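Engineer: All I have is the shape, not the residue letters:
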């Protein structure tokens, strides 16, 4: 039997700085044992959100069972056998309420499920533009905002987890909550869609401040070979607008996105070949 691998690469080299991470089930000192949902702030947080969308796992891995499991790697342990797509290890340790998870954000989940399928079925070319209405032929703007909101939910869970583990993350979680509750985009969260070649999972969240200037940046990578999505927090007013970052309200790229190059494994192999070639050249005897 061939065992499939689900790989969580920790960390990706998105940024350098503080990496909020910690034991998945750890709760900060004095934390409420039954916290409220960080999105609505009204209901008990009793529903787990998949770190990688369940439909994405199913589309790439196929049917998973105890007889046909796959292996999960993280920073704590490698080759953890997983026999169900609903396993606890695949869900964020920070929960949200069932209403927010199953009703409020369901249109966002479905929008990403469709876009994920469309991107994986296309032969994407890096540095080429893709018009959003090629992905969603109808209600394009509404559906792309829903995709944006889906990644806000994942991002917010990561920020909440980091803060619960005692990390000082200089990103306001309330703005994420307000965006999801109102159905409006977060003004400082941008996406990049691109090609990827190094497994499935997600990177850790990286956050840091620039010096000088004190601008806050944060980012992580949603990995779903052969595609990936870079999710970036870019503090408003601190950085120049970039055409290669997609945002629903961008002046230059709201209706299209540039396919990014996340082919890290290919670049690593090329560097290794170059180093091996250089080493062989140095070791070779001089020509007579």
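Structural biologist: Sure, I can see it. Fair warning: this is a prediction, and the values are worked out from it, not measured in the lab.
Engineer: give me phi/psi at the residue most central in space within the chain?
Structural biologist: Closest to where the C-alpha atoms of the chain average out (Cα atoms, centre = their mean) is residue 222, at 2.8 Å. Backbone geometry at residue 222, expressed as degrees, to the nearest 10, gives phi -90, psi 120.
Engineer: cool, the one 10 residues further on as well?
Structural biologist: Backbone torsions of residue 232, given as degrees, to the nearest 10, read phi -120, psi 130.
Engineer: per-residue confidence for the closest residue to it other than its chain neighbours?
Structural biologist: In space, and not counting its chain neighbours, residue 232 is closest to residue 219: 4.5 Å by Cβ to Cβ, 6 or more residues apart in numbering. In this view, the C-beta of every residue, glycine as well, is placed from N, C-alpha and C. pLDDT, residue 219: 95.
Engineer: so what strands line up beside the helix or strand hosting residue 219?
Structural biologist: Element membership of residue 219 [criterion: DSSP states H and E] is strand 216-224. Here strand 216-224 is paired, per DSSP bridges, with strand 200-202 (antiparallel), strand 206-209 (antiparallel), strand 227-234 (antiparallel).
Engineer: doesn't residue 190 fall inside a helix?
Structural biologist: No. Assessed by DSSP: H, G, I helix; E, B strand; the rest coil, residue 190 does not belong to a helix; its assignment is strand.
Engineer: so who does the nearest residue to it once chain neighbours are set aside touch?
Structural biologist: Of all residues not flanking residue 190 in the chain, residue 245 sits nearest, at 3.9 Å (Cβ to Cβ, 6+ apart). Taking Cβ atoms under 8 Å, 6 or more residues apart in numbering, we find residue 245 in contact with 190, 191, 192, 232, 234, 253.
Engineer: Next one: the third one from residue 110, what distance?
Structural biologist: When Cβ to Cβ, to the nearest Å is applied, the distance between residue 192 and residue 110 equals 22 Å.
Engineer: pretty sure residue 161 is in a helix, no?
Structural biologist: Yes. The assignment for residue 161 is a helix, going by three-state DSSP.
Engineer: Going by secondary structure, the closest residue in space to it that isn't next to it in sequence is in what exactly?
Structural biologist: With sequence-adjacent residues excluded and distances taken as Cβ to Cβ, 6+ apart, residue 161 is closest to residue 94, at 4.5 Å. Under DSSP H and E, no helix or strand contains residue 94.
Engineer: right, and residue 94 touches residue 160 too?
Structural biologist: Yes. Judged on Cβ atoms under 8 Å, residue 94 makes contact with residue 160 at a distance of 4.3 Å.
Engineer: Need the overlap of contacts for these two.
Structural biologist: residue 38.
Engineer: Run a quick neighbour tally on residue 204.
Structural biologist: Residues near residue 204, counting by other Cβ atoms under 10 Å, number 19.
Engineer: so where's the stretch 1-150 of the chain shaky on pLDDT?
Structural biologist: Scanning the stretch 1-150 of the chain for pLDDT under 70 picks out 1-34.
Engineer: which stretches of the stretch 151-288 of the chain aren't confidently modelled?
Structural biologist: Judged by pLDDT under 70, the stretches of the stretch 151-288 of the chain that qualify are 266-288.
Engineer: let's see 80
Structural biologist: Residue ranges of the stretch 151-288 of the chain with pLDDT under 80: 211-213, 264-288.
Engineer: quick one on the thing from earlier: so who does the residue nearest to the centre of the chain touch?
Structural biologist: 52, 151, 154, 202, 228, 229, 230, 231.
Engineer: Perfect, I'm done here.
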